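>>> Would you be able to build a 3D model of this:
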Amino acid sequence: MPDKPKPPPESEFTEAFLKGTGPGGQKINKTSSAVQLKHIPTGIVLKVQEHRSRSQNRKLARQMLAERIEVLEKGNKSRVAVVGETKRKRKSSAVKKSKRKYRLLDEAKEKEKNITTAKNGEGESLG
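Numbering: from 1, shown residues only. As a prediction, this is how the structure comes out:
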């Protein structure tokens with residue numbers, strides 16, 4: 001699995017702190033804890049407001065920007081794409097396993113039902 005991408009140098013993006021919006025009450029709407037980054041060479045703009053802390057939002061925004069730039073540069077070989085493909089394969093495998101399990105259970109019930117029906121049929125013909 002590829003390593004996490006390094007954030008771009010500070011000269012390549014602009015950073016602004018905005019007032020937050022949405023749920024979280026009055027405090028989130030009054031403080032400028034949301035972070036907006038604009039990557040100058042690519043024009044990518046992203047706004048992050050995951051946490052109430054400005055420093056946590058800055059760190060997260062830089063990491064997200066690095067990931068988006070990596071996806072643009074590397075495409076399917078980027079870490080985000082590789083991780084997404086791995087998760088998709090695991091999910092697909094789990095779904096197949098679950099379907100197989102329930103199909104086998106249904107087949108076992110059908111066999112048991114047929115055996116029970118056959119026994120009841122034999123008992124009636126003998127009596």
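>>> what does the least confident helix or strand in the chain by mean pLDDT rub up against?
Ranked by mean pLDDT, DSSP states H and E, the weakest helix or strand in the chain is helix 25-30, scoring a mean of 80. By CB atoms under 8 Å, 6 or more residues apart in numbering, the surrounding residues in contact with helix 25-30 are Lys19, Gly20, Thr21, Gly22, Gln49, Arg52. Backbone N, C-alpha and C define where each C-beta goes, glycine included.
>>> out of those, who's nearest Pro8?
Gln49 (20.8 Å; CB to CB).
>>> Report the mean per-residue pLDDT for the longest helix along the chain.
Using DSSP state H, we find that the single longest helix of the chain is helix 79-126. Here helix 79-126 scores 85 as its mean pLDDT.
>>> The residue minimising distance to the centre of the chain and Lys59: what is the separation?
The residue lying closest to the centre of the chain (CA atoms, centre = their mean) is Gly84, at 7.4 Å. From Gly84 across to Lys59, the span is 22 Å (CB to CB, to the nearest Å).
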